[in-house]
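J.: mind folding the following:
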Amino acid sequence: MNHTPRTRTVVSCAMLVTALGAGVTACGSDGNPLSAKPYDAADVISFSGPIGEGKPADPDKPLEITADGDDLITDVTVQDSAGRYVAGELAADGGRWHSTAPLAANAHYTVTVSTEDSNGAPGRKVLTFDTTKPTNKKRLTVTFGPNSGQYGVGQPITAQLDQEVKDKAQRAVVERALRVDSTPAVQGSWYWVNSKELHYRPQEYWPTHATITVHSNLDGIRISDRLWGGPAKPVKITTGDRIEAVTDAAAHELTFYQDGKALQQIPVTTGKPGYDTRNGVKVVLEKAYVVRMRGTTIGIAAGTSDSYDLSVYYATRVTWSGEYVHAAPWSVGSQGYANVSHGCTGMSTSNAQWFFNHIHTGDIVKVVNSRGHAMEHFGNGFGDWNVDWKNWQKGSALTNDKQAGPSAGDTVRLQPAAL
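T.: Residues are numbered from 1 along each chain as shown. This next block holds a predicted model:
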């Protein structure tokens, strides 16, 4: 084929297909023959790969479409009955299109091919085919978190797998199929915490009053010879205002911000030496009106001077190991002056009630100037925002770099402890 002007037209269409992800592109202009009614292109294109003659197709084979003679392929869309599109690549000369993403097993596909003959007249061919059922019934189940609802702008998205996926190529198959969309749109990335857990977050916190939808396109997709993707329940969350509670452990003060405006400054006490509060960004995990806190859960022997067993009110949890923001009426004399707790942030009952009523799951709680260790990135709540964006992206299986982010352990839920 030697059609230089038309080759440029095809390249333009190919770029539009990549950018839009699907749909028939319009590359013509006023007076262009492409605006005419398309002819049946059945005789000028041929298929190879999974499409058989009246038989279910093999989803493991790539789909390839070739133009015959002087005709060019200008656009191809492949979509299954669930609305999922198959990514593909169109050659610069318009002579060939091939799929670059796997087909799903046990699916029904519609293929639409647009062509152009040597005179610029448009053609089109639409056909359908089915793919075979998986030969192996072992399925990978994905459970998204959190549950649908409203959260703060710091809430990460989680994906829990019921089986381990260790191979990077297999992880890439899984990760491509896990979709997170937000309105307004923001850039984000998955991070493999371990072989069974992924977290997703944007570069910065989520926008305020955003809508975030999470779903999986993995159902029926081959991950390995012995493993296929299974169905997953989608999740939809919304965000509210940007709430940030920043505690300066050295100044013994918590400042409560709403959309960047300081609403309240509260005298507090944080962890005393040996029980120092963790520095860094945490995310509110849950709230409880009353929580029983016992020193024995963090290794303090009963009956010693440091032991305690109390019902604590207006408790906002930020780590699974027992760090809370809560009412501490027994330490009011130290609040604003000294750090005397076992790791929690304590305040008066009235201030704790106000804080409890204004804070939400997913909101940001940050501690600075403590002598304690940094907040764990994973495994003790959500320390995700303490990973810088460059290292966060390295935690994706879709990058070329080696996974070089912080070490990631399994999530362990511990009992309420600190006071």
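J.: C-alpha from now on. contacts and neighbour counts both.
T.: Will do.
J.: in the stretch 51-200 of the chain, which spans are strands?
T.: 64-67, 72-80, 88-90, 96-99, 108-116, 122-130, 139-140, 142-145, 149-151, 157-161, 178-183, 188-194, 197-202 (DSSP state E, counting those that start in this stretch).
J.: would a markdown table of these with mean neighbour count be doable?
T.: Output for the strands of the stretch 51-200 of the chain, formatted as a markdown table (neighbours: other C-alpha atoms under 10 Å):
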| stretch | mean neighbour count |
| --- | --- |
| strand 64-67 | 20 |
| strand 72-80 | 26 |
| strand 88-90 | 21 |
| strand 96-99 | 20 |
| strand 108-116 | 20 |
| strand 122-130 | 18 |
| strand 139-140 | 22 |
| strand 142-145 | 21 |
| strand 149-151 | 17 |
| strand 157-161 | 20 |
| strand 178-183 | 17 |
| strand 188-194 | 22 |
| strand 197-202 | 22 |
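J.: to residue 351, which of the ones you listed lies closest?
T.: Closest approach to residue 351 among these (C-alpha to C-alpha): strand 149-151, 22.2 Å.
J.: what helices or strands is that closest one leaning on?
T.: strand 235-239 (3 or more C-alpha pairs under 8 Å, 6 or more residues apart in numbering; DSSP states H and E).
J.: thinking again about what came up before, okay if I get the strands of the stretch 51-200 of the chain as JSON lines plus mean pLDDT and distance to residue 254?
T.: Below are those laid out as JSON lines (pLDDT from 0 to 100; distance: least, C-alpha to C-alpha, whole Å):
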{"stretch": "strand 64-67", "mean pLDDT": "88", "distance to residue 254": "61"}
{"stretch": "strand 72-80", "mean pLDDT": "88", "distance to residue 254": "53"}
{"stretch": "strand 88-90", "mean pLDDT": "87", "distance to residue 254": "53"}
{"stretch": "strand 96-99", "mean pLDDT": "88", "distance to residue 254": "55"}
{"stretch": "strand 108-116", "mean pLDDT": "89", "distance to residue 254": "57"}
{"stretch": "strand 122-130", "mean pLDDT": "86", "distance to residue 254": "60"}
{"stretch": "strand 139-140", "mean pLDDT": "92", "distance to residue 254": "44"}
{"stretch": "strand 142-145", "mean pLDDT": "96", "distance to residue 254": "29"}
{"stretch": "strand 149-151", "mean pLDDT": "98", "distance to residue 254": "21"}
{"stretch": "strand 157-161", "mean pLDDT": "97", "distance to residue 254": "27"}
{"stretch": "strand 178-183", "mean pLDDT": "97", "distance to residue 254": "31"}
{"stretch": "strand 188-194", "mean pLDDT": "97", "distance to residue 254": "30"}
{"stretch": "strand 197-202", "mean pLDDT": "98", "distance to residue 254": "26"}
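J.: nearest to residue 41, of those?
T.: Using C-alpha to C-alpha, the strands of the stretch 51-200 of the chain put strand 122-130 closest to residue 41, at 5.0 Å.
J.: taking strand 108-116 as reference, get the angle to the closest one.
T.: Strand 122-130 runs at 160 degrees relative to strand 108-116, counting by axes from the mean of the first three to the mean of the last three C-alpha atoms, to 10 degrees.
J.: in its sheet, what does strand 122-130 sit against?
T.: Each strand paired with strand 122-130, and its direction, by DSSP bridges: strand 39-40 (parallel), strand 108-116 (antiparallel).
J.: what does it contact?
T.: With C-alpha atoms under 8 Å, 6 or more residues apart in numbering as the test, strand 122-130 has contacts from 33-42, 51, 55-57, 106-117.
J.: could I get the strands paired with strand 122-130 as JSON lines with distance to residue 162?
T.: Below are these laid out as JSON lines (distance: least, C-alpha to C-alpha, whole Å):
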{"stretch": "strand 39-40", "distance to residue 162": "47"}
{"stretch": "strand 108-116", "distance to residue 162": "27"}
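J.: of those, which is nearest residue 285?
T.: strand 108-116 (41.5 Å).
J.: which one of the strands paired with strand 122-130 lies nearest to residue 257?
T.: strand 108-116 (50.7 Å).
J.: what's the angle from that closest one to strand 72-80?
T.: Using the same axes, to 10 degrees: strand 108-116 against strand 72-80 is 170 degrees.
J.: how far off centre is strand 108-116?
T.: Centre-to-centre, strand 108-116 and its host chain are 31 Å apart (C-alpha atoms, centre = their mean, to the nearest Å).
J.: nearest to residue 72, out of the strands paired with strand 122-130?
T.: Residue 72 sits nearest to strand 108-116 of all these, at 5.2 Å, using C-alpha to C-alpha.
J.: mind checking which helix or strand residue 246 is in?
T.: Assigned by DSSP states H and E, residue 246 belongs to strand 243-248.
J.: pairing partners for that strand, with directions?
T.: According to DSSP bridges, strand 243-248 forms sheet pairs with strand 253-258 (antiparallel), strand 364-368 (parallel).
J.: most tightly surrounded among those?
T.: strand 364-368 (a mean of 22; mean count of other C-alpha atoms under 10 Å).
J.: tell me which other helices or strands the helix or strand just after it touches.
T.: Sequence order places helix 389-394 as the next helix or strand after strand 364-368, per DSSP H and E. Under the contact criterion of 3+ C-alpha pairs under 8 Å, 6+ apart, helix 389-394 touches strand 188-194.
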